[in-house]
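Colleague: sequence and predicted structure are below.
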Amino acid sequence: MIRVNGTEEAYSEEMTVMEYVSAKGYRTNRIAVEKNGQIVPKSAYESTVIKDGDSLEVVSFVGGG
C-alpha cells in the first residue's frame, strides 16, 4: 500500500513518480509532488521510485485572482 493525499492505494508494482502522475492524469506542469515529507524536483520525477509504504502528496496549482 501507498498513501496518496491521505488515502490508502493498492500497490502492485514499483513505478516512478512520473509513471504514477501520468497514469493518474496529472499535468506535470501544474503540480508539485512530495514523497515521504520531501519535495521531489520535477527533474527527478523519472528517477524517483515509489515503493510500498511510501506516502505522497500531490498538490495541483489553481489560478485565480
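Modeller: Thanks, I have it. Only a predicted model underlies this, so the values are computations on that prediction, with no experimental measurement involved.

Colleague: tell me which stretches of the protein form helices.
Modeller: Per DSSP state H, the chain has helices spanning 17-23. These are given in chain order.

Colleague: just give the nearest non-adjacent residue to Met15, would you?
Modeller: Ile50 (5.6 Å; C-beta to C-beta, 6 or more residues apart in numbering). C-beta here means a position set from N, CA and C on the backbone, and glycine is covered the same way.

Colleague: can you get me a residue count around that neighbour?
Modeller: Using other C-beta atoms under 10 Å, Ile50 has 22 neighbouring residues.

Colleague: what is the neighbour count of Tyr20?
Modeller: 20.

Colleague: let me see the contact set for it.
Modeller: The neighbourhood of Tyr20, defined by C-beta atoms under 8 Å, 6 or more residues apart in numbering, consists of 50, 56.

Colleague: now it: how far from Glu8?
Modeller: According to C-beta to C-beta, to the nearest Å, Tyr20 stands 15 Å off from Glu8.

Colleague: and what of Ile31?
Modeller: Computed as C-beta to C-beta, the Ile31 to Glu8 distance reads 20 Å.

Colleague: who has more neighbours, the two?
Modeller: Using other C-beta under 10 Å, the more surrounded residue of Ile31 and Glu8 is Ile31, with 15 against 9.

Colleague: which residues in this structure form strands?
Modeller: If you assign secondary structure with DSSP state E, the strands in the chain sit at 2-4, 7-9, 15-16, 31-35, 38-40, 49-50, 55-60.

Colleague: could you check the fourth one and say which residues are buried?
Modeller: By neighbour count, with 16 or more other C-beta atoms under 10 Å as the criterion, the buried positions of strand 31-35 are 33, 35.

Colleague: got a list of contacts for stretch 31-50?
Modeller: Residues from elsewhere that reach stretch 31-50 (C-beta under 8 Å, 6+ apart): 2, 11, 14-18, 20-21, 28, 54-61.
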